[in-house]
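1. One predicted model, sequence on top.
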Amino acid sequence: MLVGAVAVAGIAIGWSAREVLLIPPEPRTRAQLGLPSEPLPFPPEPSAIAKAAESLGEGPAAFLALLIGGDSEPALREIESSWHPGSLAMTLDVMRIANRRAHLVAGELRRIAREKADAPLGNSLDGWWHHLWRTQPEPHPDYGEFKSLAYSLIDARFGAYFSNERAATALIRLDEVRWGGVRQDGIPPLRSPKMIAAHEADYLADDHVVFGIEVNGEARAYPKRILAWHEMFVDEVGGVDLAGVYCTLCGTVILYETTVGGVNHELGTSGFLYRSNKLMYDRATQSLWSTMRGTPVIGPLVDQDGDDPIVLPRRAVVTTAWGEWRRRHPSTTVLSLDTGHGRDYSEGAAYRRYFATDELMFTVPERKLDTRLKNKQEILGLTFPQAGDATLAIAADFLAANPVYHDALGPVELVVFTDPSGANRVYRTPPDIRFERYDGDAVAVDTAGVRWTIAEDAATAGDGRTLDRLPAQRAFWFVWNAAFETVRLVN
């Protein structure tokens with residue numbers, strides 16, 4: 001059932017009940033609806049889409065006809081007679097775009113799909129997605145072009161994301177790439193945002209959640225209550241070009257360096273998701289990037305032979321309380337409420353209903369749902385290049401009960417220190433160093449009685465030895481398990 005819609009170039013785009021949770025009831029400004037404050041070039045005229053569709057096979061062209069006009073009866077007959085195993089993905093795309101014309105024929109389209117898929121598909125589209133991902137049918141050869149044209153009706157820039165050529169080299173299945181309900185950068189990143197001194201941040205209470213970073217001695221805090229509305233900041237910190245990517249649906253912030261091989265990749269929010277995890281895009285090539293992996297997965301930047309993939313270097317970020325971060329870093333700066341965007345930045349306003357339940361807004365393949373933890377139970381996630389495909393997830397509750405925890409991921413031995421606020425910091429350890437005590441603040445003691453000072457960049461012993469900080473991030477269990485094939489859980 002649609003609870004809201006907005007007209008874009010004559011197309012009425014709807015949000016389902018679960019997908020509108022992030023939007024406050026009133027008022028609905030353009031910004032709150034995910035639309036740009038300044039007009040963008042209109043999407044292509046339906047007639048232009050129809051002309052482009054002439055190069056497609058009859059099935060994909062018929063699906064597009066349901067979205068752009070004309071007599072729907074011939075289109076439905078063509079879909080039924082030319083049904084391909086990959087037609088179910090196009091059916092779901094048409095239902096997701098959910099314009100007025102698609103709603104008029106939704107019942108008949110569902111009937112055709114049920115019969116052709118030979119499956120007891122019910123009324124819940126989540127069940128349809130699960131069937132699609134469980135059976136993994138061969139994609140239609142024109143699915144990339146269809147997806148490009150169909151989503152161009154929402155935002156002309158979406159057309160660049162997909163093509164048959166891009167589908168052939170993609171590292172993920174295109175039928176697992178789902179539209180999130182907004183246009184490109186419809187959830188606007190904060191680019192070079194205004195920062196203020198800690199004493200000026202009277203809008204923050206000590207227990208408010210912030211994401212803290214320190215780069216080359218420069219400390220900054222990004223409050224969750226602000227970043228949840230923007231999901232990304234792009235800035236230079238400590239002389240390093242960075243993107244802090246907050247996937248609100250995933251409960252995770254990942255800090256990436258954006259310059260690789262001398263190229264600074266200007267990243268943004270694509271408007272699409274993969275397994276409930278936002279996909280980024282880069283402005284230069286419109287390639288789609290995995291947020292969890294920091295690498296291109298669709299588009300010309302995808303490494304064709306696997307020998308030299310682009311991987312953004314990760315940096316450490318800590319999820320903590322504002323009062324604790326300010327105590328440790330009195331000279332820190334913090335995001336100003338003056339972001340240039342109109343939002344309700346009060347604590348807990350964004351995604352309030354989503355965070356309040358264990359229900360997913362966008363489902364993931366059933367085989368990737370693991371009930372050892374609740375979907376949104378928090379874990380500390382670790383992945384290192386030296387460990388290959390292996391990843392580690394440590395339950396946050398476990399770490400809170402074990403403030404000094406040693407483990408290893410591949411060849412990387414490590415220790416996790418957890419302070420009373422629940423903040424986790426991870427350091428690389430050599431085999432001969434084990435810690436037995438941590439005061440919850442700035443001092444840890446190893447089994448030899450040596451005292452180490454715990455700082456954001458490293459742990460340092462009195463004799464000058466240092467242990468490097470390792471990148472790690474808090475995340476919801478369901479999305480970490482969905483993003484990686486090999487996950488070891490410590491619970």
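-> Perfect, I can see it now. Numbers count the residues shown, from 1 in each chain.
2. for the stretch 351-491 of the chain, what spans make up the strands?
-> With strands called from DSSP state E, counting those that start in this stretch, the stretch 351-491 of the chain shows them at 378-382, 390-395, 404-409, 412-418, 424-428, 435-438, 443-446, 451-454, 458-461, 466-470, 473-476, 486-490.
3. So for Leu67, which of the ones you listed sits nearest?
-> The closest of the strands of the stretch 351-491 of the chain to Leu67 is strand 473-476. By C-beta to C-beta, the value is 33.4 Å. All C-beta spots, glycine's among them, are computed from the backbone N, C-alpha and C.
4. chain center to that closest one, what's the gap?
-> 12 Å (C-alpha atoms, centre = their mean, to the nearest Å).
5. Name the residues that touch it?
-> Identification of contacts with strand 473-476 by C-beta atoms under 8 Å, 6 or more residues apart in numbering yields 250-254, 317, 319, 375-381, 393, 396, 424.
6. Return that strand as PDB; C-alpha atoms alone will do.
-> Provided in PDB are the C-alpha atoms of strand 473-476 (Å, rounded to 0.1, in the frame of the first residue of the first chain):
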ATOM      1  CA  GLN A 473      33.600  -0.600  12.500                       C
ATOM      2  CA  ARG A 474      30.400  -1.300  14.400                       C
ATOM      3  CA  ALA A 475      27.700  -2.700  12.200                       C
ATOM      4  CA  PHE A 476      24.400  -4.600  12.400                       C
END
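7. which regions of this structure lie under the pLDDT threshold?
-> Applying pLDDT under 70 to the chain picks out residues 1-43, 98-102, 304-306.
8. any chance you could map the helices in the chain?
-> Secondary structure of the chain, counting by DSSP state H: helices at 46-53, 58-68, 72-81, 87-97, 100-104, 106-117, 125-135, 143-152, 164-169, 224-227, 322-328, 352-356, 396-401, 477-483.
9. Pull the distance from the second one to the chain's centre.
-> Spelled out, that is helix 58-68. Relative to its chain's centre, helix 58-68 lies at 30 Å (C-alpha atoms, centre = their mean).
10. now for it, which elements pack on it?
-> Judged by 3 or more C-beta pairs under 8 Å, 6 or more residues apart in numbering; DSSP states H and E, helix 58-68 is in contact with helix 46-53, helix 72-81, helix 87-97, helix 100-104, helix 143-152.
11. With mean neighbour count and distance to Ala201 as added columns, please give the ones you listed in CSV.
-> Output for the helices and strands packed on helix 58-68, formatted as CSV (neighbours: other C-beta atoms under 10 Å; distance: least, C-beta to C-beta, whole Å):
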stretch, mean neighbour count, distance to Ala201
helix 46-53, 16, 48
helix 72-81, 17, 56
helix 87-97, 22, 40
helix 100-104, 16, 46
helix 143-152, 25, 40
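12. Distance to Asp307 for those - can I get that in TSV?
-> Putting the helices and strands packed on helix 58-68 into TSV (distance: least, C-beta to C-beta, whole Å) gives the following:
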stretch	distance to Asp307
helix 46-53	35
helix 72-81	42
helix 87-97	31
helix 100-104	43
helix 143-152	24
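13. Mind checking which of the contacts of strand 473-476 are buried?
-> Neighbour counting over the contacts of strand 473-476 (16 or more other C-beta atoms under 10 Å) leaves 250-254, 317, 319, 375-381, 393, 396, 424 as the buried ones.
14. before we move on, back to that, how about a markdown table for the strands of the stretch 351-491 of the chain, with distance to Thr339 added?
-> Formatted as a markdown table, the strands of the stretch 351-491 of the chain follow (distance: least, C-beta to C-beta, whole Å):
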| stretch | distance to Thr339 |
| --- | --- |
| strand 378-382 | 26 |
| strand 390-395 | 32 |
| strand 404-409 | 37 |
| strand 412-418 | 31 |
| strand 424-428 | 28 |
| strand 435-438 | 37 |
| strand 443-446 | 37 |
| strand 451-454 | 32 |
| strand 458-461 | 33 |
| strand 466-470 | 29 |
| strand 473-476 | 23 |
| strand 486-490 | 35 |
